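Engineer: let's see this in three dimensions:
(one chain, ligands or ions: 1)
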Amino acid sequence: MNARLSLYQKAEEELYKLDRTVKSDFYNFCHRFRLNPDHPGLDLKPLKGNARIYRAKLGSSYRVLLARAGEDVKGLPSWLVLAVRHRKDVYEQLDVAVNRISGEIEFVDLSVVGESTLRRAGVRLTRAEPEAAPAPEEAPAPAAEPVSTPPATPLLTGLSAGELRDLGVAEPLIDLALAVTDEAELDLLVRDAPLLSKDVLYGLAAGMPPEDIRAEITSQMRADTPVDPDDFGSALSRMTVTTVDEDVQAAIEEGDFRLWKVFLHPSQARLVEREYSGPARVSGGPGTGKTIVALHRVHHLARQLPPGHGKPILLTTFTKNLTTELRARLSSLMTPELMARVDIVNIDQLAARVAGESAPPGRIKNRVEDRVALRELRHLLVEAELESGPVGWDAEFLFEEWEQVVLGQSVPTRAAYFRARRAGRGKALTRPDRDRVWKLIEQFTARLDKLGVETWGQSAERAARFEIERAAKVTARREHKAEIGGGDLVHRDGDDGSGMRYLRHRYRHIVVDEAQDLRPAHWKMLRAMVEPGPDDLFIAGDTHQRLYGNQVALGAVGINIRGRASRLTLSYRTTREILAEAMAVVRGESFDDLDDGTDTLDGYRSVLRGPAPLLAGYATWDDELAALAQTLLAWRTELTGREGGAAGVSGRIAVCAADQERVGRIAEYLARHAGLTCAELTKDGPRGSGEIHVGTMHRLKGLEYQRLAIAGVSEGVLPRSAAPGRPRTQDPQRAARELRRARSVLFVAATRARDVLSISWHGAPSPLLGVR
Ligand SMILES: Nc1ncnc2c1ncn2[C@@H]1O[C@H](COP(=O)(O)OP(=O)(O)OP(=O)(O)O)[C@@H](O)[C@H]1O
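Structural biologist: Okay, here's the model as predicted:
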């Protein structure tokens, strides 16, 4: 080979969309170019408008635009493919430069930025290859007419070119950005702009002060080494690009699915590659790539493992069906050899595995859902004639007290319960109250025991205790070994020769996704499973998305993340319009940071645009369902390009509702009245191959859909109330907790939508929607 060829990210994305024949011409082009860039057949020459940009021929109709970018390690000239365009779409108003902030090569094509802005800024477009005689039907080039335009107020007022430059906006876009007068013009201007320019300009247009942009956007993208604007070779080495080799064809065929694997945002890449001195946490709003970062982190850690067998890395998450998704994604990122070193298991399953190890043979209990245990507690209270009796505690209150305080803090005795912290639990309990509560809890757990069942919470608590004891043995062994100068420990007390000799922490690294929902016992178990030290725990989560009320302060369970907490703020999933709607749902509420502080969504944003969410109310459930069916049929047509077409829709459209009953009704209605097939979302993923995914809002956690309808968001549903206007509980703290949880549920649901979101209700709307 005589040249090295790489693809600029935008060029690669454009290539995904080209016709098969053009793609295949491109593969041939790459082959020939790498052998000899000066081959006369390629006709490589600089463009008139900008000598840094070359164009080469790709068949008779297409052109490849390239830039020279120094030499590679072997001294071969290095070239970067900037774009592949039809020759009619190549104008001279192109620019390629090294960004002063990011130090990366940026390509800007002014022919796509919008006529009115160009006109206002006095820019005229010239085709790079003028047509000899334009065909009459051909659309004229979008060249600006030198007409005078009425003065209009610029969108970005009070900003100078110098400020935009300092914030990192690409040079050719600066004057144009100062000339745009409305959001539509700005959308056009930044549609194909480099990410840093796009992010900064949208931030400014949304009213972010320049100092916030500098802190939250510009500083994140700053190059680690000094930037020389003429050194394209160094600039290229700072970038993630696809190097053209024999595999490039497969890479391009993979299309959009590949993006998350290759092009990490600098703020994401930093989190993946950093060496942490202890547990680290990444937070961030929905769709900011926390899961992506967690997956890359696993890859990064796996690559550094010394050779060996076993699974020294644990990847765990709260929701069972997400583990399947994580496994699939990870296996497309890693080799089978590295995959074999990773244990991927959902946290409850992991706790059950450990709890199973600790249970004496024949005494393994069946695990039951909380609602089953709650039913037993209700029976107990009725039998004891205590339900909302003189003490005024209902089953829900007692169950939460047991879960959050007794199990949450592994409170072993009545005396310890008297001393237990009950922060955030509402209703104060006197000592005699605590005495009565403890007795009831004892009766309740004895009842479960007699039935031979335990809750997942109990199993987690048992697992945590077992694991903590195990970790203590590991430490004791190590200390003893150090004392005796590293000798063998065969004769140590408690060593029964049955494997204790090989006792060590279960994992070397643990990566946790959906951290906001783990129970305190889960955290204690995880803490004990990995030796405290560098890169031990990597925790991704967003407390705004907490759905199960398991609040925990990591510091209190021995996980200290101070100084190692970071936040991602750029959404890769959802449009700005959908984000605005979703954020209104949680605004004003306070969320913890998995410790004693608070988390915020400050700076949470998107550079994607789309239609405003559709909010609509109906008189009755049937009216709402009929409208929902119409919406879904229209979406199906739009996505498949033909009426009645279902092929290829599955997994792209979803409908969700607050509870199973409503979900069932929706699925039945759609099948019976609209001829739409549904796949219900279960714990193990979608059941069947129906075209529309239907599930509860809880089930949608961690997933994403191109188009999403949230139905039945009526008053009394979110949050649930006994009757319109009457809360379910008289306890104000509990009511506040339920309200916050309802907000989170709707927030999670709304942020599953990528492009289009519809929210509907019948009767009065949920107060969370802010519509009247
Ligand atoms: N650097 C990237 N390049 C391309 N796509 C990305 C990138 N980072 C994230 N994405 C995409 O954005 C979407 C959201 O990512 P991800 O699921 O990791 O976000 P999240 O923060 O975990 O979201 P949630 O909290 O809602 O579960 C996914 O489709 C992912 O592939």
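Engineer: every contact and neighbour count from this point should use C-alpha atoms.
Structural biologist: Will do.
Engineer: so what pLDDT did G122 get?
Structural biologist: Listed pLDDT for G122 reads 84.
Engineer: the ligand contacts on this protein?
Structural biologist: For the chain, the residues in contact with the ligand (Cα under 6 Å from any ligand atom) are 259-260, 263-265, 285-292, 572-573, 702.
Engineer: tell me which residue of the stretch 451-600 of the chain lies closest to the ligand.
Structural biologist: Closest residue of the stretch 451-600 of the chain to the ligand, Cα to the nearest ligand atom: Y572 (4.1 Å).
Engineer: and for that residue, the neighbour number?
Structural biologist: Y572: 17 surrounding residues under other Cα atoms under 10 Å.
Engineer: next up, the contacts around it.
Structural biologist: By Cα atoms under 8 Å, 6 or more residues apart in numbering, the residues touching Y572 are 287-289, 606, 608.
Engineer: those: which two are farthest apart?
Structural biologist: Across these, no pair lies farther apart than G289 and L608, at 14.6 Å, counting by Cα to Cα.
Engineer: so for the two, which sits in the more crowded spot?
Structural biologist: A count of neighbours by other Cα under 10 Å puts G289 above the other of G289 and L608, at 24 against 20.
Engineer: what strand or helix carries the closest residue to the ligand within the stretch 601-750 of the chain?
Structural biologist: Nearest to the ligand in the stretch 601-750 of the chain, going by Cα to the nearest ligand atom, is G702, at a distance of 3.9 Å. Applying DSSP states H and E as the criterion places G702 outside every helix and strand.
Engineer: out of everything not next to it in sequence, what's closest to it?
Structural biologist: In space, and not counting its chain neighbours, G702 is closest to L322: 7.0 Å by Cα to Cα, 6 or more residues apart in numbering.
Engineer: confirm that the one you found sits in a helix.
Structural biologist: Yes. Assigned with DSSP: H, G, I helix; E, B strand; the rest coil, L322 falls within a helix.
Engineer: per-residue pLDDT, it?
Structural biologist: pLDDT, read off for L322, is 89.
Engineer: quick thing: my sequence starts at 334, can you match it?
Structural biologist: Done: numbering now begins at 334, and the last item shifts to L655.
Engineer: you'd agree it is up against R1032?
Structural biologist: No. If you go by Cα atoms under 8 Å, L655 and R1032 don't touch, sitting 9.9 Å apart.
Engineer: buried residues, stretch 418-433. List them.
Structural biologist: Residues of stretch 418-433 classed as buried by neighbour count (16 or more other Cα atoms under 10 Å): 418, 420, 422-433.
Engineer: in the stretch 684-833 of the chain, what spans have low per-residue confidence?
Structural biologist: For the stretch 684-833 of the chain, the stretches flagged by pLDDT under 70 are 694-695, 718-725, 819-833.
Engineer: can you tell me the residue of it closest to the ligand?
Structural biologist: A684 (22.5 Å).
Engineer: out of the contacts of Y905, who's nearest F440?
Structural biologist: The closest of the contacts of Y905, once distances to F440 are taken by Cα to Cα, is L941, at 19.4 Å.
Engineer: ok, for the closest one, nearest residue in space, not its chain neighbours?
Structural biologist: Excluding its sequence neighbours, the residue lying closest to L941 (Cα to Cα, 6+ apart) is T908, at 4.6 Å.
Engineer: mind listing what the one you found touches?
Structural biologist: 939-943, 1087-1088.
Engineer: one more pass at 6 Å, please.
Structural biologist: Neighbouring residues of T908 by Cα atoms under 6 Å, 6 or more residues apart in numbering: 941-943.
Engineer: distance of it relative to G943?
Structural biologist: Distance of T908 to G943, computed by Cα to Cα, to the nearest Å: 6 Å.
Engineer: please apply the same query to D850.
Structural biologist: As judged by Cα to Cα, D850 and G943 stand 31 Å apart.
Engineer: if you count surrounding residues, which of the two has more?
Structural biologist: Per other Cα under 10 Å, whichever of D850 and G943 has more neighbours is D850, with 23 against 14.
Engineer: mind naming the longest helix for this protein?
Structural biologist: Ranked by residue count and defined by DSSP state H, the top helix of the chain is helix 789-816.
Engineer: hmm, back to that, and the residue of the stretch 684-833 of the chain closest to the ligand, what element?
Structural biologist: Using DSSP H and E, A684 sits within helix 680-691.
Engineer: what's that helix packed up against?
Structural biologist: Contacts defined by 3 or more Cα pairs under 6 Å, 6 or more residues apart in numbering; DSSP states H and E place helix 680-691 against helix 789-816.
Engineer: tally of neighbours for H842?
Structural biologist: H842: 25 neighbours (other Cα under 10 Å).
Engineer: any idea which helix or strand carries V615?
Structural biologist: Short version, using DSSP H and E: V615 is in strand 613-617.
Engineer: I meant to write V441 there.
Structural biologist: V441 belongs to strand 438-442, assigned by DSSP H and E.
Engineer: kindly indicate which of the contacts of Y905 lies nearest D515.
Structural biologist: The shortest approach to D515 among those belongs to L941, at 16.6 Å (Cα to Cα).
Engineer: quick one on the thing from earlier: is it true that the residue of the stretch 684-833 of the chain closest to the ligand touches R795?
Structural biologist: No. At 8.3 Å, A684 does not count as touching R795 under the criterion of Cα atoms under 6 Å.
Engineer: which of the contacts of T908 sits closest to G1008?
Structural biologist: For these, the nearest to G1008 is G943 (28.3 Å; Cα to Cα).
Engineer: now do the phi/psi pair for the closest one.
Structural biologist: Dihedral pair for G943: phi -170, psi -180, per degrees, to the nearest 10.
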